[in-house]
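**Student:** Predicted structure and sequence below. I'll ask about it afterward.
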Amino acid sequence: MSDSQPEETSGIVTSDGVVSEHSGSSKRPHRIRLWLLVGVGLLALVVFGVYWYGQNIKRTTAENAGQVIQKFEGSLRGGKVAEGSGSVLSAYQSKGQSYFVKPEKAQAITYKVAPNKAEKTYKKARHILDRQGLTGKLISSKQVGTTPGMYYDNEFVHCYLGAQTDENNNALLHVACANTKAYQDAERQLQVFYDLYAQNNPDKKAIVGITISSLKDSLSKGYKTAEITIVKDNTSEGAVNALYYQTPDGTWHYFKATLLEIYCEEYNTPDIQKAFIGKPCYDANMNFSSVKP
């Protein structure tokens, strides 16, 4: 055998460092196990990343309504943001308050989704609210369905979460929030109207909510008028429209509460006439007229 031919010994080819077929075969299982370990490791990293991301929409404590809505904008795309009056929120009685009020300002975000995605989007919304230090509770235990209305609160913020259906059967998921301070400010503003109503009506204990229907300057210089909706519990009418006026010295006065238009003759003092000048009323013959000084 010449020097140029490889020497065969026990199935091993030794010439020029070429490894035998037997040796190559023995390494394949090792390589497969290695790639499997790498794949499992990458999968674990992906799973951990998803978990980490989900958990890290959290542990923040929302300190204002804007912060909550901004989190929704960043974490749940496709919402339509609105900022307006407290009408986007139902009246609420926060801790320490005597009655339900609406805040002057609130912020909201609404998502329009297909019916089959409503529950999933609702759960995502709950997750985002939970992760901002807000505690949720059902508005009513009698609610049914997979997207019941809920309140979410902490010491700084009050939020509402709920869903409705539009005319095209799309689900409208609604999140609205207001600062707790806005409720406290509203109660302070309304306290004078509550006190005046309570002084003039025996059913003051029935008051459960107060909202401003109208607060404006009178046509008479220095006067203002207010129409306040008084919501009452365990009464036949449920709610009344209470009328107030402010004289030039800055003092608010109670006029009366009613569900109907008032007769012109009932505006029977100079201050009341000046404050409500121009307001529609009925004369003694049930003809439509207006208050005159």
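**Tutor:** Alright, I've got the coordinates.

**Student:** so residue 110 sits right up against residue 174, yeah?
**Tutor:** Yes. With contact defined as Cβ atoms under 8 Å, residue 110 reaches residue 174; the gap is 5.2 Å. No exception for glycine: its C-beta is placed from N, CA and C like everyone else's.

**Student:** Settle it for me: which of those two has more neighbours?
**Tutor:** Neighbours of residue 110 and residue 174, each counted by other Cβ atoms under 10 Å, are more numerous for residue 174; the result is 20 against 17.

**Student:** and that one, which of the three is it?
**Tutor:** Three-state call for residue 174 (DSSP: H, G, I helix; E, B strand; the rest coil): strand.

**Student:** what residues are up against it?
**Tutor:** By Cβ atoms under 8 Å, 6 or more residues apart in numbering, the residues touching residue 174 are 108, 109, 110, 160, 161, 162, 163, 164.

**Student:** Residue 120 versus the third one, what's the distance?
**Tutor:** Counting by Cβ to Cβ, to the nearest Å, the gap between residue 110 and residue 120 amounts to 16 Å.

**Student:** list the contacts for the residue nearest the centre of the chain?
**Tutor:** The residue lying closest to the centre of the chain (Cα atoms, centre = their mean) is residue 176, at 2.2 Å. The neighbours of residue 176, taking Cβ under 8 Å, 6+ apart as the test, are 88, 89, 106, 107, 108, 109, 159, 160.

**Student:** Any idea what it is bridged to?
**Tutor:** Residues in a beta bridge with residue 176, per DSSP bridges, are residue 108, residue 160.

**Student:** buried sites along the helix or strand where residue 192 lies?
**Tutor:** Counting by DSSP states H and E, the element that carries residue 192 is helix 180-200. Residues of helix 180-200 classed as buried by neighbour count (16 or more other Cβ atoms under 10 Å): 180, 182, 183, 186, 187, 190, 192, 193, 194, 196, 197.

**Student:** mind saving the C-alpha coords of the next helix or strand after that helix as PDB?
**Tutor:** With elements assigned by DSSP H and E, the helix or strand that comes after helix 180-200 is strand 207-217. Only the C-alpha atoms of strand 207-217 are listed here, as PDB (Å, rounded to 0.1, in the frame of the first residue of the first chain):
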ATOM      1  CA  ILE A 207     -82.000  63.500  48.900                       C
ATOM      2  CA  VAL A 208     -79.500  61.100  47.200                       C
ATOM      3  CA  GLY A 209     -78.200  63.200  44.400                       C
ATOM      4  CA  ILE A 210     -77.800  66.800  43.100                       C
ATOM      5  CA  THR A 211     -76.800  67.900  39.600                       C
ATOM      6  CA  ILE A 212     -76.700  71.400  38.000                       C
ATOM      7  CA  SER A 213     -79.100  71.700  35.100                       C
ATOM      8  CA  SER A 214     -78.400  75.400  34.600                       C
ATOM      9  CA  LEU A 215     -76.300  78.100  36.200                       C
ATOM     10  CA  LYS A 216     -76.200  81.400  34.400                       C
ATOM     11  CA  ASP A 217     -76.300  85.200  34.700                       C
END
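
**Student:** and strand 207-217, how far from the chain's centre?
**Tutor:** Strand 207-217 sits 22 Å away from the centroid of its parent chain (Cα atoms, centre = their mean, to the nearest Å).
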